[in-house]
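> Fold the stuff below for me.
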Amino acid sequence: MNFLVSLIKGVFVGIANIIPGVSGGTMAVSFGIYDKMLSAISNLFKDFKNSFRTLFPIAIGMVFGIVGFTFIIPWLLENQPLITSFAFSGLILGGVPMIIKELKSGWKRDEKKSLPVNVILFIILTTIAAILPFINGDKESGSLLTANPGTIVIMFFIGIIAAATMVIPGVSGSLVLMILGYYFGVITAVKDCLTALKDFDLAVFFDRCLVLAPFAIGCIIGIFFISKLIKWLFEHYSSATFSSILGLIVVSPLAIFYKVNEEYGLAGTNIIQIIIGIIIFALCTALTLYMGNLENTNEEETTN
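Predicted coordinates:
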């Protein structure tokens, strides 16, 4: 049961990572697996068995979410952009009560308490999250990626940057890729790779793999090191860190609606779509709350 629950949560985190404006880290926080993931990644070499047991179902779910929804999500965004935006906003905001709970717990644990610092960090990170979607990158610079030495090196460092931002709640790794001009290039490479695999076109498959492999390696390295940094922040400045995360998260729905409107357009929305969107929003919020509570129940049973 725990394996299946973690797998499902991993799927949502994976899906979130391929949508500009949606943060995979935020989704992990909302579903109550963020701390667990950080701890497992940070202790991967110290406690490989337990870390692997924790990360395996989440990682499998993320891969399925990214690969399986690479074609589905663009279709949903193109055909039902408003309802899709409502869905992801609900999934994210449903985790806010859990974040506030962790913030209160961190405040109790912290020896050095500073309310002004927490408030200032909340305001600063909220402002950053609100500004980020308005930064437009060169969308054409990475649209056609060819497997040459220069591209391989660039994709490695792009992977590190993307992974670092994916781990930080409230910051969309795919949005950062879009700002850097490599989002559509990576998505196209994934689609081409899957299509070539389906058609058994090995030449195209290996060519796309030469582009995606350094990106994947960069992602792994970036996730590992930034996870250690955030884990250290949780241990030493828990309430301040959660205040920052809360600031990044509360404005995420605005970023989602803005980017979706910019890329796909919300002008043709009608009242029926709005009503359905609100219902979907409520259902997704309830789903996140349920999954978060289920995570807490599993942890309490494990502890006892």
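> Report pLDDT for Gly170.
Predicted confidence (pLDDT) for Gly170: 61.
> Spatially nearest residue to Arg208 (excluding sequence neighbours)?
Closest residue to Arg208 apart from its sequence neighbours, by C-beta to C-beta, 6 or more residues apart in numbering: Cys193 at 3.9 Å. Placement of C-beta: from N, CA and C, glycine included.
> which residues does the one you found contact?
Taking C-beta atoms under 8 Å, 6 or more residues apart in numbering, we find Cys193 in contact with 204-205, 208-209, 212.
> same check, this time on Ser105
Residues near Ser105 by C-beta under 8 Å, 6+ apart: Ser238.
> Distance of it relative to Cys284?
Going from Ser105 to Cys284 by C-beta to C-beta, to the nearest Å gives 25 Å.
> Could you check how far Cys284 is from Pro97?
Cys284 sits 14 Å away from Pro97, going by C-beta to C-beta.
> and these two? which has more neighbours close in?
A direct count of neighbours by other C-beta atoms under 10 Å for Cys284 and Pro97 places Cys284 higher, at 21 against 15.
> what about Phe257, neighbour count?
Neighbour count for Phe257, taken as other C-beta under 10 Å: 19.
> Settle this for me: it is touching Ala87, isn't it.
No - assessed by C-beta atoms under 8 Å, Phe257 is found out of contact with Ala87, at 11.9 Å.
> tell me the contacts of the residue nearest to Ile187 when sequence neighbours are not counted?
By the measure of C-beta to C-beta, 6+ apart, the closest residue to Ile187 outside its immediate chain neighbours is Thr70, 6.6 Å from it. Counting by C-beta under 8 Å, 6+ apart, Thr70 makes contact with 18, 187, 190-191, 194.
> now Thr70, what's its secondary structure?
coil (DSSP: H, G, I helix; E, B strand; the rest coil).
> separation between it and Lys101?
The gap separating Thr70 from Lys101 is 34 Å, by C-beta to C-beta.
> Any regions of the stretch 1-150 of the chain where pLDDT drops low?
For the stretch 1-150 of the chain, the stretches with pLDDT under 70 are 1, 20-22, 111-112, 135-144.
> ok, which stretches of it are helices?
Along the stretch 1-150 of the chain, the segments classed as helices by DSSP state H, counting those that start in this stretch run 2-17, 24-30, 34-42, 48-68, 72-79, 81-93, 96-109, 115-131, 149-167.
> Same list (those) but as JSON lines, adding distance to Leu289.
Listed next are the helices of the stretch 1-150 of the chain as JSON lines, based on distance: least, C-beta to C-beta, whole Å:
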{"stretch": "helix 2-17", "distance to Leu289": "13"}
{"stretch": "helix 24-30", "distance to Leu289": "9"}
{"stretch": "helix 34-42", "distance to Leu289": "16"}
{"stretch": "helix 48-68", "distance to Leu289": "19"}
{"stretch": "helix 72-79", "distance to Leu289": "23"}
{"stretch": "helix 81-93", "distance to Leu289": "10"}
{"stretch": "helix 96-109", "distance to Leu289": "7"}
{"stretch": "helix 115-131", "distance to Leu289": "22"}
{"stretch": "helix 149-167", "distance to Leu289": "23"}
